[in-house]
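Visitor: predicted model and sequence follow; I will ask about them next.
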Amino acid sequence: MRGIKVQKSHVKSSIIEKTGGVCAVCGRPLVHSKVTIEHYIPKYHGGTDDERNLLPLCKNCNKSKGSRIVQAKEHYPFLKDIYYTEVKEYRAEWENGGECNGSSTDNN
């Protein structure tokens with residue numbers, strides 16, 4: 001049980017690093033224990049828990065996005081440039097109906 005918590009904490013930390021510790025939408029500093037993990041392509045639309053599809057948001061921004069599919073460049077201004085490439089690759093896989101289980105994320 002403890003190993004799973006440590007693993008989840010490590011994954012959460014790597015997701016938070018995608019923005020340097022701020023919300024991907026509004027830029028507010030994130031507290032590790034209170035951050036919400038956003039699915040770029042929502043599970044409702046077939047997105048997965050692939051790390052490329054996960055972004056750190058504050059609770060307010062996560063709630064306001066809901067299950068909409070957005071363009072990364074416009075909606076996530078605080079995402080580091082390298083992760084836009086991952087998002088773009090993930091979205092392309094998703095749009096082509098392929099398995100989204102690589103190491104990159106959505107488009108724009």
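Guide: The structure has been received and is ready for your questions.
Visitor: convert the least confident helix or strand in the chain by mean pLDDT to PDB, retaining C-alpha atoms only.
Guide: In the chain, the helix or strand scored least confidently by mean pLDDT, DSSP states H and E is helix 2-16, which has a mean of 82. Backbone C-alpha positions of helix 2-16 (Å, rounded to 0.1, in the frame of the first residue of the first chain) are rendered in PDB as follows:
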ATOM      1  CA  ARG A   2       2.700   2.500   0.900                       C
ATOM      2  CA  GLY A   3       4.600   1.700  -2.300                       C
ATOM      3  CA  ILE A   4       1.500   2.800  -4.300                       C
ATOM      4  CA  LYS A   5       1.200   6.100  -2.500                       C
ATOM      5  CA  VAL A   6       4.900   6.800  -3.100                       C
ATOM      6  CA  GLN A   7       4.500   6.000  -6.800                       C
ATOM      7  CA  LYS A   8       1.400   8.200  -7.100                       C
ATOM      8  CA  SER A   9       3.300  11.000  -5.300                       C
ATOM      9  CA  HIS A  10       6.200  10.700  -7.800                       C
ATOM     10  CA  VAL A  11       3.900  10.800 -10.800                       C
ATOM     11  CA  LYS A  12       2.100  13.800  -9.300                       C
ATOM     12  CA  SER A  13       5.400  15.600  -8.800                       C
ATOM     13  CA  SER A  14       6.400  14.900 -12.500                       C
ATOM     14  CA  ILE A  15       3.100  16.300 -13.700                       C
ATOM     15  CA  ILE A  16       3.500  19.400 -11.600                       C
END
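Visitor: mind listing what's buried in the helix or strand just after it?
Guide: Using DSSP states H and E, the helix or strand that follows helix 2-16 towards the C-terminus is strand 36-39. Across strand 36-39, burial judged by 16 or more other Cβ atoms under 10 Å covers 37, 38, 39. Where C-beta positions appear, they are placed from N, C-alpha and C, glycine not excepted.
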